[in-house]
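Chemist: Structure here, sequence nowhere to be found:
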DNA sequence: CTGTTAGCGCATTCAC
DNA sequence: GTGAATGCGCTAACAG
């Protein structure tokens, strides 16, 4: 198609002319608030719009209205199943509200994250959602917080998912209770001696899960020594490395390794197998999150189900409804009283019942 | 934060006033084209902008310039690793060009897809990328094509990934050659009798892969009977169902089942296991795509690597550079001569060498 | 209820 | 080189 036969999209002005009405009437008929326009006019405008294949220019609407229909979503890595599941939920909920989602990836780089937030602000999104935790120590020296605060002062809404180092609305996950329930279940089916592979200190999510796990073990009579807590990156490779270290050091009578998230657990499975052992039989494994992958690995992974899509949906609801969301948003995955997304232990074959 | 202390974002006007220059000068200093502005003024404007934490209103820029910096991406399912990998590539490339990506999910519903394209048009995106194939028979009666054509006539660019039923720019994948190479390799390592689980007819991608696989078998002396081609949905469950049917019917001397994509292959693994057989030993499995998951399943899956991220990146390049992309975009994953994204056979343990 | 008009924030022509 | 003025497409007072 050559440049010359380019046909500019129909404008509202075109529609008004085609329908023989004023701009204002056309606007009111198509996008207007409470319709106060004569039905016959309305019809003519609608028909004219259809004939011209009119599509309102959202940028122009945004400028005129002083507000957009955009939601900005920042994740660490779009291809990571944890984040793509959350993104899926955000997009689904946004769609219900007829909001448009723009997405960007921080690649786990705080500088980049800051840069992206700055760029995103140009869109004047109604909401900015940040998913994924980051180190406690902020190398940008609070610049991100400043940026987000300025954004909120301008009328925007910030929501954090699974990161709490900043003082904004946050989607709460009962990491502690989930891990506690998991530990209880594992002791119930016969496990006694545990190891943990988790992230380095300073990640609240990981810390909560460890704390909950400890509490559950205390109730159930399980044992976890400090020296059996291995700290590595919060990634698949981290899980692999930690588990490998554990095995090389000698398992002793450790029966099960709890990985603080599923990607670490998947790494643990590989490390076990690469060491010539059989996961589940020689060393049981449990994870946290229930990303889709873990049903397809062998053995299928015991984990704590986190409704990731619901997390994303809830993040948007929280932004839109404000604190009212705590009461309103309910739904099966949300404990409406506490306003916390609930989790559920899922026992699978990576932790067969013991003796 | 109460509504009352809301502080509107600084406007260009504010910056100009703060710097003591005119609107035009401020505009030229900050976003202007070939700078024709006195360096001292320029500095003052930049400083004023920083002081006010100015962020250009992209909507206003879009209206004034008559063009946006937006790319719209439509996928079937954001949480699907195939699509999220592609999306990751699109976002990465868009970021390099300082373009913003908006994403939506069709959920494999053609009506919904059409509706989304209509909505997306309102953004006046520079590019619309559609990923994921769809049935040949178009239930919307060509309405999607009409919509996209109108969009292109208005100056937009449409790029299709892995779907060719419409007459737009398309990211080419040598599905045929990839499957052919796979079949050749499999015969080379000793396989002779094959079955295939694939999508129903009418999906070009699936058809090409089957055709290529057949050609490769012909070269290598492998055998595939028509009755051993099972057609199901192009999903994990489809792969499961097809493989299950195959097993129930009696495997005969079939040694390997080729699934037309990896999600089907993962389903095949489960079906084999659920039938009490051992994948790899009792029945080998090969897939296509090399989604991240297949390294973590057991046994790791033999497949044809498709550089999914590169696919996404290339889609955007194709939109931006036009036909020049064929020559330009090159990169390791693109055969610059043919302008086709190249694939590569990856042998893993799901297809151990035979005899 | 309808049409006229004045902006929204910005880029860009046009005079100076 | 700089600034004043016009317009982008649309909404929202404001009059009629």
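Modeler: Thanks, I have the structure now. If you're wondering where the values come from, they're calculated on a predicted model, not measured in any experiment.
Chemist: ranges for the helices of chain A?
Modeler: Shown for chain A, the helices assigned by DSSP state H span residues A:12-19, A:23-30, A:39-52, A:58-65, A:81-96, A:110-121, A:143-153, A:175-188, A:204-220, A:236-249, A:262-274, A:308-321, A:324-328.
Chemist: okay if I get those helices as TSV plus mean pLDDT and distance to DNA strand C?
Modeler: All C-beta spots, glycine's among them, are computed from the backbone N, C-alpha and C. Shown next, in TSV, are the helices of chain A (pLDDT from 0 to 100; distance: least, C-beta to the nearest atom of the strand, whole Å):
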stretch	mean pLDDT	distance to DNA strand C
helix A:12-19	95	8
helix A:23-30	94	3
helix A:39-52	94	4
helix A:58-65	97	4
helix A:81-96	96	24
helix A:110-121	94	11
helix A:143-153	92	15
helix A:175-188	97	41
helix A:204-220	95	37
helix A:236-249	95	43
helix A:262-274	94	41
helix A:308-321	95	22
helix A:324-328	55	28
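Chemist: can you list those in CSV and add mean neighbour count?
Modeler: Converted to CSV, the helices of chain A look like this (neighbours: other C-beta atoms under 10 Å in any protein chain shown):
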stretch, mean neighbour count
helix A:12-19, 19
helix A:23-30, 19
helix A:39-52, 16
helix A:58-65, 19
helix A:81-96, 24
helix A:110-121, 18
helix A:143-153, 18
helix A:175-188, 23
helix A:204-220, 20
helix A:236-249, 21
helix A:262-274, 25
helix A:308-321, 24
helix A:324-328, 16
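Chemist: I'd like to know which of those helices is closest to residue B:22.
Modeler: For these, the distance to residue B:22 is smallest for helix A:58-65, at 20.9 Å, taking C-beta to C-beta.
Chemist: Of all residues in chain A, which one is nearest the centre?
Modeler: Central residue of chain A (C-alpha atoms, centre = their mean): residue A:86, 3.6 Å from the mean position.
Chemist: dump the residue contacts of it.
Modeler: Contacts for residue A:86 (C-beta atoms under 8 Å, 6 or more residues apart in numbering or on different chains) come out as A:75, A:131, A:161, A:308, A:309, A:311, A:312, A:315.
Chemist: which residues touch the nearest residue to the fifth one once chain neighbours are set aside?
Modeler: Counting by C-beta to C-beta, 6 or more residues apart in numbering or on different chains, the nearest residue to residue A:309 once its immediate chain neighbours are dropped is residue A:89, at 3.6 Å. Residue A:89 makes contact with A:308, A:309, A:310, A:311, A:312, A:313, A:314, A:315, according to C-beta under 8 Å, 6+ apart.
Chemist: Around DNA strand D, pick out the residues from the stretch 1-150 of chain A.
Modeler: For the stretch 1-150 of chain A, the contact set with DNA strand D under C-beta under 7 Å from any atom of the strand comprises A:8, A:11-13, A:23-24, A:27, A:30-33, A:54, A:56-57, A:60-61, A:63-65.
Chemist: Would you point out the most distant pair within the contacts of residue A:86?
Modeler: Spatial extent of the contacts of residue A:86 (C-beta to C-beta) is set by the pair A:75 and A:309 at 13.8 Å.
Chemist: and the contacts of residue A:89 as JSON lines, adding distance to DNA strand D?
Modeler: What follows is the contacts of residue A:89, written out as JSON lines (distance: C-beta to the nearest atom of the strand, whole Å):
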{"residue": "A:308", "distance to DNA strand D": "35"}
{"residue": "A:309", "distance to DNA strand D": "32"}
{"residue": "A:310", "distance to DNA strand D": "33"}
{"residue": "A:311", "distance to DNA strand D": "33"}
{"residue": "A:312", "distance to DNA strand D": "29"}
{"residue": "A:313", "distance to DNA strand D": "27"}
{"residue": "A:314", "distance to DNA strand D": "29"}
{"residue": "A:315", "distance to DNA strand D": "27"}
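Chemist: and stretch A:107-118, how far from the chain's centre?
Modeler: On the basis of C-alpha atoms, centre = their mean, to the nearest Å, stretch A:107-118 sits 17 Å off its chain's mean C-alpha point.
Chemist: Report the separation between residue A:127 and DNA strand D.
Modeler: Distance of residue A:127 to DNA strand D, given as C-beta to the nearest atom of the strand, to the nearest Å: 19 Å.
Chemist: scratch that, residue A:218
Modeler: The spacing between residue A:218 and DNA strand D, counted by C-beta to the nearest atom of the strand, is 58 Å.
Chemist: Could you do residue A:87 as well?
Modeler: Residue A:87 sits 28 Å away from DNA strand D, taking C-beta to the nearest atom of the strand as the criterion.
Chemist: For that residue, give its distance to residue B:112.
Modeler: Residue A:87 is 18 Å from residue B:112, where distance means C-beta to C-beta, to the nearest Å.
Chemist: so what's the backbone phi/psi at residue A:250?
Modeler: The phi/psi pair for residue A:250 (degrees, to the nearest 10) reads phi 100, psi 120.
Chemist: could I get the contacts of residue A:89 as a markdown table with distance to residue B:200?
Modeler: Shown next, in a markdown table, are the contacts of residue A:89 (distance: C-beta to C-beta, whole Å):
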| residue | distance to residue B:200 |
| --- | --- |
| A:308 | 31 |
| A:309 | 28 |
| A:310 | 33 |
| A:311 | 35 |
| A:312 | 32 |
| A:313 | 33 |
| A:314 | 37 |
| A:315 | 38 |
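Chemist: Out of these, which is nearest to residue A:140?
Modeler: Relative to residue A:140, the closest of the contacts of residue A:89 is residue A:315; by C-beta to C-beta it sits at 22.5 Å.
Chemist: That closest one contacts residue A:163, correct?
Modeler: No: contact criterion C-beta atoms under 8 Å: residue A:315 and residue A:163 do not qualify, at 11.3 Å.
Chemist: so what's in contact with those two at the same time?
Modeler: Taking C-beta under 8 Å, 6+ apart as the criterion, residue A:315 and residue A:163 both touch residue A:131.
Chemist: tally of neighbours for residue A:227?
Modeler: By the criterion of other C-beta atoms under 10 Å in any protein chain shown, residue A:227 has 8 neighbours.
Chemist: Equivalent analysis for the one 4 residues further on, please.
Modeler: Residues lying near residue A:231 (other C-beta under 10 Å) number 17.
Chemist: Now do the contacts for the spatially closest residue to it that is not a sequence neighbour.
Modeler: In space, and not counting its chain neighbours, residue A:231 is closest to residue A:200: 4.9 Å by C-beta to C-beta, 6+ apart. Residue A:200 is in contact with A:231, A:232, A:233, counting by C-beta under 8 Å, 6+ apart.
Chemist: Looking at these, spot the one nearest residue A:279.
Modeler: Distances from residue A:279 to those, taken by C-beta to C-beta, are shortest for residue A:232, at 17.8 Å.
Chemist: what's the spacing between the residue nearest to that closest one when sequence neighbours are not counted and residue B:276?
Modeler: Using C-beta to C-beta, 6+ apart and skipping the chain neighbours, the partner closest in space to residue A:232 is residue A:238 (3.5 Å). Distance, residue A:238 to residue B:276, using C-beta to C-beta: 36 Å.
Chemist: ok, the residue in the stretch 151-300 of chain A that DNA strand D sits nearest to - how many residues close by?
Modeler: Closest to DNA strand D within the stretch 151-300 of chain A is residue A:155: 14.7 Å, counting by C-beta to the nearest atom of the strand. If you count neighbours by other C-beta under 10 Å, residue A:155 ends up with 16.
Chemist: residues in contact with the residue nearest to residue A:220 when sequence neighbours are not counted?
Modeler: Closest residue to residue A:220 apart from its sequence neighbours, by C-beta to C-beta, 6+ apart: residue A:187 at 2.7 Å. Listed by C-beta under 8 Å, 6+ apart, the contact set of residue A:187 reads A:216, A:217, A:219, A:220, A:221, A:222.
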